[in-house]
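Colleague: turn this into a model:
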Amino acid sequence: MKTPRTDDIARGNHVVPTEWAEELERELDDAYKIANRAIDDLAWFNETNAQRLRAELDKLKEGAE
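Modeller: The predicted structure follows:
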C-alpha cells in the first residue's frame, strides 16, 4: 500500500522513523475504510444519520491530509 502523505514528508527532515509513519498512515487508511463500511451499513436503516456521519468523516480526512 502506498503512503503518499508520509512520502511527501520524508523528502525533508523527519522526526519519526519513516517505517513507523508509513504504518500509521496504512492504519489510518484502514480505519477510514472500516468507518465507510459501517456508514454504508447504517444507510439502509437511517439515511439522514449516515449522511451526517459521512460528512464528519470527510472533514476528518481533510484535516489529516
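Colleague: and the helix ranked longest in the chain, what other elements does it pack with?
Modeller: Looking across the chain with DSSP state H, the single longest helix is helix 18-43. When contacts are defined as 3 or more CB pairs under 8 Å, 6 or more residues apart in numbering; DSSP states H and E, helix 18-43 sits against helix 4-10, helix 47-64. The way it works is simple: take the backbone N, C-alpha and C, and place the C-beta from them, glycine included.
Colleague: what's the distance between that helix and the middle of its chain?
Modeller: With CA atoms, centre = their mean, to the nearest Å as the basis, helix 18-43 stands 5 Å off its chain's centre.
Colleague: quick one: low-confidence ranges for the protein?
Modeller: 1, 5-15, 64-65 (pLDDT under 70).
Colleague: restricting to C-alpha, output stretch 39-55 in CSV.
Modeller: What follows is stretch 39-55, C-alpha atoms only, in CSV (Å, rounded to 0.1, in the frame of the first residue of the first chain):
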residue,chain,number,x,y,z
ILE,A,39,-21.8,4.1,7.5
ASP,A,40,-22.9,2.2,4.4
ASP,A,41,-24.4,-0.4,6.7
LEU,A,42,-26.2,2.3,8.6
ALA,A,43,-27.5,4.0,5.5
TRP,A,44,-30.2,1.3,4.8
PHE,A,45,-31.6,1.9,8.3
ASN,A,46,-31.2,5.7,8.6
GLU,A,47,-30.0,7.6,5.6
THR,A,48,-30.0,11.0,7.4
ASN,A,49,-27.7,9.9,10.1
ALA,A,50,-25.5,8.1,7.6
GLN,A,51,-25.1,11.3,5.6
ARG,A,52,-24.2,13.3,8.8
LEU,A,53,-21.6,10.7,9.7
ARG,A,54,-20.1,10.6,6.2
ALA,A,55,-19.8,14.4,6.3
